[in-house]
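Here's a sequence, model it:
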Amino acid sequence: MIRILTLETTCDETAAAVVTDRLEVLGTMVASQDEFHRQFGGVVPEIASRAHLERILPIIDATLKQAGISLDELDAVSVANRPGLAGALLVGVATAKAICLAINKPLIAVNHLQGHIYACRVALALAEARGEGREARSESGEEERDDSCDIFPCIGLIVSGGHTSLYRCAGPIDFELLGSTIDDAAGEAFDKVASMLGLPYPGGPAIQRAAAEGNPKAYRFPRALLDDPERLDFSFSGLKTAVRYKIAGPGRADFSQIQLSKQEIADIAASFQEAAVDALVGKAVQALQKTGMSTLCIGGGVAANARFRERMAQAAAQHGFRLHIAPLNLCTDNAVMGAIAIERYRAGLFESLDLDAFPT
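Presented below is the predicted three-dimensional model:
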């Protein structure tokens, strides 16, 4: 049995896991930094890097203890070295290289975004091991599938605070970028709109809670690029601007003096959420139709949004494609999705100790 320690420090979660080539999770730990960044309404890179430095070794120790193994019993160490915040990435990369040098085991580099898609495969494997395969597939939006837990080939959609991207995934180590955001990521838009509405950070859960009491048809916000099915890109800057104008009017930067009723906040949140979800669902369906693929896999923090998951399930039923959405605990950044390193281990794709970090 192959056992790999996986590290994740791309943004503001410090995480480690021990996974096997059977996609078993022997141990996993995540330390969130929300409390550090909340007062700023978003992630501060320098604060994130310092928090990773303080937490990475205790997180690794706790993960190994949970897994019941020592460093010497590992077969490899993997780390997400792209994309992300430069300082945050360097903490993980330097730690992984130091461990590999100390125990003389191979080093594996993984792409954080590809890991988000691979989380769907890990989730299916874990569900199959628990005898919950059919229920898990139903919850993810897939009605029937009685073969293996393989998700490839598929279209992969990553929706997070820093990235909104579509990939053609021929296999677990064969990803081709089809399109991405030309300006802001969906998750960043959720955070900024929440801030404009006076809602707490992180913005995704706050917008979802407020939207539950609102009318998604109260305001008609833009759905950029949806009228061009050949272009598989996203844009959320105009959506943010439209919300800003609805709240404060053009040219006003200070939102502190604006008084919105609870219902106005709910209606704006619901209308914004619906516009963002329309764009995400629409482009995903266009990617499936353009490529002729029949499976869609989704990961990233925004994939935890309940309205997004509901609308994707409806689209899957309407258009007849298989849908996998990572479970809630694997949507936000974690090290379990680093299990994609198993695929690179099998392919012999190891790194030298001069591995570098490649930020966004």
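
What separation is there between Arg209 and Phe190?
12 Å (Cβ to Cβ, to the nearest Å). Any C-beta I mention is one placed from the backbone N, CA and C, and that applies to glycine too.

who's more crowded, the two?
Comparing Arg209 with Phe190 by other Cβ atoms under 10 Å, the one with more neighbours is Phe190, at 29 against 15.

which is the next helix or strand following the lowest-mean-pLDDT helix or strand in the chain?
Every helix and strand in the chain was compared by mean pLDDT, DSSP states H and E; the lowest is helix 133-140, with a mean of 50. As assigned by DSSP states H and E, the chain's next helix or strand after helix 133-140 is strand 154-159.

relative to strand 154-159, how tilted is the helix or strand following that following strand?
Using DSSP H and E, the helix or strand that directly follows strand 154-159 along the chain is strand 164-171. The directions of strand 164-171 and strand 154-159 differ by 150 degrees, with axes from the mean of the first three to the mean of the last three Cα atoms, to 10 degrees as the criterion.

next helix or strand past strand 164-171?
According to DSSP H and E, the helix or strand after strand 164-171 is strand 174-180.

Output that next one as CSV, restricted to C-alpha atoms.
What follows is the C-alpha trace of strand 174-180 in CSV, where atoms were taken according to Å, rounded to 0.1, in the frame of the first residue of the first chain:
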residue,chain,number,x,y,z
ASP,A,174,-4.3,15.3,-18.5
PHE,A,175,-6.1,18.7,-18.0
GLU,A,176,-6.7,21.2,-20.8
LEU,A,177,-7.8,24.7,-19.9
LEU,A,178,-11.0,25.6,-21.9
GLY,A,179,-11.7,29.0,-20.3
SER,A,180,-11.4,31.0,-17.1
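
what about the stretch 101-250 of the chain, any weak spots by pLDDT?
Along the stretch 101-250 of the chain, the parts satisfying pLDDT under 70 run over 133-148.

Distance from the chain centre to the longest helix belonging to the chain, please.
In the chain, with assignment by DSSP state H, the single longest helix is helix 262-291. Distance of helix 262-291 from its chain centroid, counting by Cα atoms, centre = their mean, to the nearest Å, is 17 Å.

now stretch 219-234
21 Å.

That stretch spans what distance, first to last residue?
Between the opening and closing residues of stretch 219-234 there is a gap of 21 Å (Cα to Cα, to the nearest Å).

So which bits of it are buried?
219, 221-226, 232-234 (16 or more other Cβ atoms under 10 Å).

Spatially, which two of the residues you listed are the most separated?
Considering Cβ to Cβ, no two members of the buried residues of stretch 219-234 lie farther apart than Tyr219 and Leu232, which are separated by 26.6 Å.

What about Ala316, how many residues nearby?
By other Cβ under 10 Å, neighbour count at Ala316 equals 24.

quick one: which helix or strand includes it?
Residue-wise, Ala316 maps onto helix 306-319 under DSSP H and E.

related to what we said a few turns ago, same list (the buried residues of stretch 219-234) but as JSON lines, adding distance to Ser180.
Converted to JSON lines, the buried residues of stretch 219-234 look like this (distance: Cβ to Cβ, whole Å):
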{"residue": "Tyr219", "distance to Ser180": "27"}
{"residue": "Phe221", "distance to Ser180": "21"}
{"residue": "Pro222", "distance to Ser180": "19"}
{"residue": "Arg223", "distance to Ser180": "17"}
{"residue": "Ala224", "distance to Ser180": "13"}
{"residue": "Leu225", "distance to Ser180": "12"}
{"residue": "Leu226", "distance to Ser180": "16"}
{"residue": "Leu232", "distance to Ser180": "9"}
{"residue": "Asp233", "distance to Ser180": "6"}
{"residue": "Phe234", "distance to Ser180": "7"}
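
nearest to Gly156, of these?
Distances from the buried residues of stretch 219-234 to Gly156 were compared by Cβ to Cβ; the smallest belongs to Leu232, at 12.0 Å.

Compute the distance between the closest one and Ser195, please.
29 Å.

try Leu89
The spacing between Leu89 and Ser195, counted by Cβ to Cβ, is 26 Å.

Compare the two and say which is more crowded by neighbours.
Each of Leu89 and Ser195 had its neighbours counted (other Cβ under 10 Å), and the higher figure belongs to Leu89 (26 against 17).

is Thr20 in a bridge, and if so with what?
Under the criterion DSSP bridges, Thr20 forms beta bridges with Arg3.

Now do Asp356: how many residues are near it, please.
11.

repeat for Glu54
Other residues near Glu54 come to 12 when the count uses other Cβ under 10 Å.

In three-state terms, label it for me.
At Glu54 the chain is in helix, as set by DSSP: H, G, I helix; E, B strand; the rest coil.

wait, Asp34 sits on Gly204?
No. Counting by Cβ atoms under 8 Å, Asp34 does not reach Gly204; the two are 11.3 Å apart.
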